[in-house]
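In: No letters, just coordinates:
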């Protein structure tokens, strides 16, 4: 499995450099060890592959269950580090899998929007914040631009255009004891999304376009006061 991942990562790096104007900024922000959750906006099916090249750690992904169709496809996804997620409700098995990876100082990628956008950030869903609270993992925000026109997974072999991955400084959520109310959980989710938005051009920020002051989301001030 490790060999399959490293081979795919290597080949993706070649195609990105051959066919696109590819740029990665902020790799010095990646913690070299410890449990890490990478949170990113989601524009295209090839985003996980692009992230695997940009983030110099072995990545694991939660992917929607419908992608795991048939034996060959599902086995390749498992080998690549993906695990099926039921997005229609609570998926205890997926959460256990994620916690196990993080307990071994692994790196988990979550797209908090829960689906691909049309290029502008959607309101984040609370799943990422819940897993972060469960594990106390460090968070690494990432902003991707330029992949929204690459809507077929096959475009991983021909990724054209100006593709940029911006990696921000790692951060942590406030630790909250006891049961967390939905409002506070959404505030933490918006904090995560605000960090992602601060790494994106204004036209990509969507519903988070007005949530930053000098690059820092207003919601961080609000949640720390609660």
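Out: Nice, I can see it. Bear in mind the structure is a predicted one, so any value in this text is a computation, not a measurement.
In: Which element is encountered next along the chain beyond the top helix by length along the chain?
Out: Looking across the chain with DSSP state H, the single longest helix is helix 2-19. Note on helix 2-19: by DSSP states H and E, the next helix or strand toward the C-terminus is strand 20-25.
In: so how far is that next one off the chain centroid?
Out: 18 Å (CA atoms, centre = their mean, to the nearest Å).
In: my guess is residue 43 meets residue 120, correct?
Out: No - using CB atoms under 8 Å, residue 43 makes no contact with residue 120, being 9.7 Å away. Glycine gets a C-beta too; all of them are placed from N, C-alpha and C.
In: of these two, who's got more company?
Out: Between residue 43 and residue 120, counting by other CB atoms under 10 Å, residue 43 is the more crowded of the two (25 against 16).
In: what separates stretch 55-75 from the chain centre, distance-wise?
Out: Put simply, stretch 55-75 sits 14 Å off its chain's centre (CA atoms, centre = their mean).
In: could you give me the average pLDDT of it?
Out: In this model, stretch 55-75 has an average pLDDT of 87.
In: what does stretch 50-62 contact?
Out: Contact with stretch 50-62 is made by 2, 5, 8-9, 12-13, 16, 24, 27, 30, 36, 38, 40, 48, 80-83, 85, 94, 98, 101, 106-110, 140, 142, 144, 147, 159, 163, 165, 167, as judged by CB atoms under 8 Å, 6 or more residues apart in numbering.
In: could you flag which of those are buried?
Out: 5, 8-9, 12-13, 16, 24, 30, 36, 38, 40, 48, 80-83, 85, 94, 98, 101, 106-110, 140, 142, 144, 147, 159, 163, 165, 167 (16 or more other CB atoms under 10 Å).
In: Kindly state the pLDDT recorded for residue 182?
Out: 89.
In: For the chain, give me the ranges with low pLDDT.
Out: The chain contains residues with pLDDT under 70 at 1, 89, 211-226.
In: all helices of it, in order?
Out: Under DSSP H, the chain gives helices at 2-19, 47-54, 71-80, 92-103, 127-135, 182-197, 218-225.
In: So which elements touch the first one?
Out: If I follow you right, that is helix 2-19. The contact analysis (3 or more CB pairs under 8 Å, 6 or more residues apart in numbering; DSSP states H and E) places helix 2-19 against helix 47-54, helix 71-80.
In: ranking these by burial, who's on top?
Out: Of those, the one with the most neighbours on average (mean count of other CB atoms under 10 Å) is helix 47-54, at a mean of 24.
In: returning to that earlier point: could you give the separation of the longest helix of the chain from the chain centroid?
Out: Computed by CA atoms, centre = their mean, the chain-centroid distance of helix 2-19 equals 19 Å.
In: separation between the nearest residue to residue 205 once chain neighbours are set aside and residue 190?
Out: Closest residue to residue 205 apart from its sequence neighbours, by CB to CB, 6 or more residues apart in numbering: residue 197 at 4.4 Å. Going from residue 197 to residue 190 by CB to CB, to the nearest Å gives 10 Å.
In: now swap in residue 71 and tell me
Out: When residue 71 is compared with residue 190 (using CB to CB), they lie 40 Å apart.
In: try residue 50
Out: For residue 50, the distance to residue 190 equals 25 Å [CB to CB].
In: wait, residue 74 sits on residue 68?
Out: Yes - with contact defined as CB under 8 Å, residue 74 and residue 68 form a contacting pair (4.2 Å).
In: Which residues are in contact with residue 185?
Out: For residue 185, the contacting residues are 126, 129-130, by CB under 8 Å, 6+ apart.
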